[in-house]
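Asker: just a sequence and a predicted model for now, questions to come.
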Amino acid sequence: MLIEDFLPTYDVTENHQIDIKASPPQVYAAVRNLDLRNSTLIRWLFSLRGLPALLSSRKKSQPGLGLTFDGLLQSGFVVLGETPPQEIALGLIGKFWTAAGCIQRLDAAGFMNFTTPGFAKAAWNFSLAPLPDGATKLSTETRVLCLDEASRRRFRFYWLFIRPFSGLIRREALRAVKQKAEKIKFTSSWQKN
């Protein structure tokens with residue numbers, strides 16, 4: 001798996017999955033067109049995450065977290081690799097436990113080679129597996145590796161509070177992909193008749 005290539009060791013991980021009544025290419029297209037703007041829960045959680053930066057005296061002109069796939073890329077995520085329609089892996093480097101986040105804008109090679117203490121590297125993938133009935137199992141895994149002991153302590157304390165919300169975001173993303181992929185399938189089959 002690509003996530004294994006880019007972040008084989010990690011301090012924390014979280015996994016979620018969902019079955020989708022659509023083919024892997026349809027599900028992959030829905031992942032690449034991820035759109036969470038209609039989710040009140042996600043908008044609220046992302047706003048809450050950005051609140052410390054807004055209240056901080058060190059306001060940065062960095063964009064907030066993206067609510068679409070393209071928005072994620074604009075907010076600092078990078079496509080580490082993809083093998084359509086089996087997997088896509090995203091990466092992000094920063095000080096996630098701070099108000100500003102200190103997101104590092106790098107490409108996939110920069111992600112691999114980044115070793116600066118005080119930061120953490122996060123990898124997030126979407127992995128697709130065909131099911132016997134023509135459906136697809138969509139899984140997502142998030143891994144975080146802290147690059148020194150001090151950042152590991154800070155991140156783990158932060159993770160105690162943020163993990164449940166991170167899981168909600170991942171599960172909501174899976175539901176959004178499911179809804180879009182199954183709608184694509186329904187529309188495609190309806191138009192053929």
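Answerer: Done, it's in.
Asker: give me the below-cutoff pLDDT ranges for the protein.
Answerer: Residue ranges of the chain with pLDDT under 70: 43-66, 185-193.
Asker: and if we set it to 80?
Answerer: Counting by pLDDT under 80, the chain has low-confidence residues at 37-67, 184-193.
Asker: mind jotting down where the helices sit in it?
Answerer: Listed in chain order, the helices found in the chain under DSSP state H are 2-6, 24-32, 40-55, 69-74, 108-113, 149-192.
Asker: out of those helices, which is the most enclosed?
Answerer: Greatest average neighbour count among these goes to helix 24-32 (a mean of 21), per mean count of other Cβ atoms under 10 Å. Bear in mind the C-beta positions are built from the backbone N, C-alpha and C, glycine included.
Asker: residues touching it, excluding its own?
Answerer: 20, 22, 69, 84-86, 88, 126, 128-130, 136, 138, 177-178, 180-181, 184-185, 188 (Cβ atoms under 8 Å, 6 or more residues apart in numbering).
Asker: now the residue nearest the centre of the chain: how far from S139?
Answerer: For the chain, the residue nearest the mean C-alpha position is W124 (4.7 Å; Cα atoms, centre = their mean). Using Cβ to Cβ, to the nearest Å, W124 is found at 11 Å from S139.
Asker: likewise for R163?
Answerer: 18 Å.
Asker: E14 now?
Answerer: Per Cβ to Cβ, E14 is found 11 Å from S139.
Asker: who does A123 form a beta bridge with?
Answerer: G91, R143 (DSSP bridges).
Asker: wait, it sits on I3?
Answerer: Yes. A123 is within contact range of I3, at 5.1 Å (criterion: Cβ atoms under 8 Å).
Asker: who touches both of those two?
Answerer: By Cβ under 8 Å, 6+ apart, A123 and I3 have these common neighbours: L80, A89, R143.
Asker: does the last one touch A120 like I think?
Answerer: Spelled out, it's R143. No. In this structure R143 lies outside contact range of A120 using Cβ under 8 Å: 10.3 Å.
Asker: and for D11, nearest residue in space, chain neighbours not counted?
Answerer: C146 (5.3 Å; Cβ to Cβ, 6 or more residues apart in numbering).
Asker: residues contacting the one you found?
Answerer: Counting by Cβ under 8 Å, 6+ apart, C146 has contacts D11, F119, A120, R152, R154, F155.
Asker: would you check how far apart it and R153 are?
Answerer: 8 Å.
Asker: count of neighbours near N38?
Answerer: The tally of other residues near N38 (other Cβ atoms under 10 Å) stands at 10.
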